[in-house]
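Engineer: Fold the following and give me the result.
(one chain, ligands or ions: 3)
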Amino acid sequence: MTEELNPSTPEEEEQQIKPRKNGLYPGVSDELADNMASGWADTELRDLEPIGQAAHTADRRAALSARFPGERLVIPSGNLKTRSNDTEYSFRASTEYAYLTGDQSEDGVLVLEPTADGHRATIYLLPRSNRENGEFWLSGQGELWVGRRHSLTEAESLLGIPAKDVRELAAALGEATGPVRAVRGHDAGIEATLTDKVTAERDEELRVYLSEARAVKDAFEIAELQKACDSTARGFEDVVKVLDKAEATSERYIEGTFFLRARVEGNDVGYGSICAAGPHATTLHWVRNDGQVRSGDLLLLDAGVETNELYTADITRTLPINGRYSELQRKIYDAVYDAQEAGIAAVRPGAKFRDFHDASQHVLAERLVEWGLLEGPVERVLELGLQRRWTLHGTGHMLGMDVHDCAAARTEAYVDGTLEPGMCLTVEPGLYFQADDLTVPEEYRGIGVRIEDDILVTEDGNRNLSESLPRQADEVEAWMASLKS
Ligand code: GLY
Ligand code: MN
Ligand code: MN
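Structural biologist: Ligands and ions are numbered 1, 2, ... in the order given. Okay, here's the model as predicted:
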């Protein structure tokens with residue numbers, strides 16, 4: 001017994017007991033092994049209700065099945081990534097897997113097996129740890145180290161999908177015949193078992209399908225996105241309340257404050273928070289967040305809470321750190337606000353995806369000409385794209401489980417596509433005057449403004465899911481004052 005439980009024996013590898021590498025268990029006596037193997041209560045959870053989105057995930061799997069009849073479909077959740085030695089980065093299940101199952105376990109794999117009239121779904125999971133062979137306390141993935149998992153029976157009840165031990169999957173896939181498609185990039189071990197069975201082109205079609213399928217959100221998803229926006233709004237309030245502490249430290253105080261809200265109310269932040277004070281606001285993806293926060297400057301805060309079901313908000317407010325916009329800050333802010341208003345007004349079913357971008361860009365180009373930064377007429381500026389020196393990025397993107405959702409969709413289904421009820425997108429125009437931009441008056445340099453909201457396309461127009469956060473300049477100032485008093 002002692003020999004078999006030695007962390008380095010081949011038998012142990014056979015049992016898939018992968019010891020933690022911290023050397024705490026050089027040997028285990030028979031007595032200890034026997035002792036640890038027994039004396040544990042039955043904790044099986046019975047009469048579990050299905051998770052809230054089980055009916056929705058079933059619909060999503062049915063649509064996927066109809067698109068790829070007669071083919072085996074393999075959708076992995078992904079594996080833990082080592083940070084150093086026996087510590088790992090925090091895990092986030094692949095969007096495709098979570099979308100189709102509602103599960104978020106590492107190492108899980110959804111397989112749709114073709115049948116005569118569709119597919120049979122099976123979810124392959126790591127089951128509860130074996131206590132008799134010591135796996136639960138000697139393996140790095142043992143529940144004593146990483147926490148209790150659901151039994152396969154529990155998982156079946158919760159997810160509404162038959163569950164099997166994932167350690168049987170490689171052999172099952174190895175023996176399988178017929179066409180296979182897999183979602184790549186999440187589980188190298190599973191991909192290795194499929195190498196001679198899948199092709200990159202066929203896998204890409206599956207990835208594209210799953211990206212496009214997510215464009216129109218169902219009722220569960222819309223409720224999650226609203227929840228994400230509401231938590232994010234509370235996170236922005238938290239930040240306004242501690243701006244004096246950020247002034248005494250750095251942008252990191254803002255990042256940490258927002259992160260606390262994200263972790264308490266949700267799963268995480270949906271992307272690295274951009275906490276950009278002063279000239280950092282002109283760096284589009286400023287996530288170092290190690291800069292000074294100074295009274296008189298603007299703070300561009302672009303952040304989103306990801307809910308426990310993995311839907312994220314993506315909201316930006318550009319706030320005067322001392323509570324009042326200067327005259328020039330307000331002039332630039334108002335231009336971006338007007339551009340955003342025009343953009344939001346262009347979001348409705350039947351509109352082209354590009355319409356809201358064009359509407360916002362038109363307003364910004366007009367202002368840049370009016371301020372003498374560009375020579376008109378405006379139509380010439382837009383035709384040549386000259387405003388882009390300061391507008392820099394597209395005016396928005398699909399939003400959902402990924403902050404840049406549906407990213408693998410075909411151009412005709414997304415950027416060249418038409419808006420439909422249930423789509424959710426950001427409208428986020430901005431103006432950015434770099435600190436070293438010699439083509440603008442000195443007082444403009446180092447000012448960056450973006451305003452970003454999360455807009456749901458409805459049957460008759462749109463609904464702003466992030467409308468609880470003020471946007472108009474006077475309202476922003478009043479809101480900040482109310483939080484500080
Ligand atoms: N935070 C990334 C974006 O706004 O698209
Ligand atoms: Mn965005
Ligand atoms: Mn953003």
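Engineer: Now Y253: closest residue in space that isn't a chain neighbour?
Structural biologist: Of all residues not flanking Y253 in the chain, A246 sits nearest, at 4.0 Å (C-beta to C-beta, 6 or more residues apart in numbering). From N, CA and C alone the C-beta is placed, and that goes for glycine too.
Engineer: Help me confirm that the one you found comes into contact with V293.
Structural biologist: Yes. Between A246 and V293 there is a contact under C-beta atoms under 8 Å: 4.3 Å.
Engineer: what residues are shared contacts of those two?
Structural biologist: The contact sets of A246 and V293 overlap at Y253, I254, A277 (C-beta atoms under 8 Å, 6 or more residues apart in numbering).
Engineer: Of those, which is the nearest to S468?
Structural biologist: Lowest distance from S468 to those (C-beta to C-beta) belongs to I254, with 19.6 Å.
Engineer: got the contact list for the closest one?
Structural biologist: By C-beta under 8 Å, 6+ apart, I254 lies in contact with V239, V242, L243, A246, S273, C275, A277, N289, V293, L299, L301.
Engineer: Next: K81.
Structural biologist: E88, Y89, F91.
Engineer: got the shared contacts of A246 and V293 as a markdown table, with secondary structure columns?
Structural biologist: Shown next, in a markdown table, are the shared contacts of A246 and V293 (DSSP: H, G, I helix; E, B strand; the rest coil):
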| residue | secondary structure |
| --- | --- |
| Y253 | helix |
| I254 | helix |
| A277 | strand |
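Engineer: wait, which of these is closest to ligand 2?
Structural biologist: Nearest to ligand 2 among those is I254, at 18.0 Å by C-beta to the ion.
Engineer: Residue of the stretch 151-300 of the chain closest to ligand 2, please.
Structural biologist: At 8.5 Å from ligand 2, Y271 is the closest residue in the stretch 151-300 of the chain, using C-beta to the ion.
Engineer: Assumed that residue was part of a strand.
Structural biologist: No. Using three-state DSSP, the assignment for Y271 is coil, not a strand.
Engineer: Double-check it against D314; I have them as touching.
Structural biologist: Yes. Taking contacts as C-beta under 8 Å, Y271 lies within contact range of D314: 7.3 Å.
Engineer: Between those two, which is the more surrounded one?
Structural biologist: D314 (28 against 17; other C-beta atoms under 10 Å).
Engineer: For the more buried one, list the residues it contacts.
Structural biologist: Neighbouring residues of D314 by C-beta under 8 Å, 6+ apart: G270, Y271, D302, G304, L399, V403, T426, E428, E452, D454.
Engineer: again, only using 10 Å
Structural biologist: Applying C-beta atoms under 10 Å, 6 or more residues apart in numbering to D314 gives the contacts 225, 228-229, 232, 270-271, 302-304, 396-397, 399, 402-405, 424-426, 428, 452-454, 466.
Engineer: ditto for T122
Structural biologist: T122 is in contact with V109, L110, V111, L112, E113, E156, I161, P162, A163, K164, L169, A172, counting by C-beta under 10 Å, 6+ apart.
Engineer: what sits against the first one?
Structural biologist: When contacts are counted by C-beta under 10 Å, 6+ apart, V109 touches 74-78, 97, 101, 122-125, 164, 166, 169-170, 173, 182-183, 186-187, 189-190.
Engineer: Could you list the low-pLDDT ranges of the protein?
Structural biologist: Residue ranges of the chain with pLDDT under 70: 1-26.
Engineer: Run through the residues of it sitting next to ligand 3.
Structural biologist: Residues of the chain lying near ligand 3 by C-beta under 5 Å from the ion: D302, D314, E452.
Engineer: What are the phi and psi values at I75?
Structural biologist: phi -130, psi 100 (degrees, to the nearest 10).
Engineer: hmm, back to that, does anything pack onto the helix or strand containing the residue nearest to Y253? Which helices or strands?
Structural biologist: Assigned by DSSP states H and E, A246 falls within helix 243-248. With contacts taken as 3 or more C-beta pairs under 10 Å, 6 or more residues apart in numbering; DSSP states H and E, helix 243-248 sits against helix 251-265, strand 274-277, helix 473-484.
Engineer: List the buried residues in that helix.
Structural biologist: L243, A246, E247 (16 or more other C-beta atoms under 10 Å).
Engineer: Skipping adjacent residues, who's closest to the last one in space?
Structural biologist: Translated: E247. Closest residue to E247 apart from its sequence neighbours, by C-beta to C-beta, 6+ apart: V293 at 4.9 Å.
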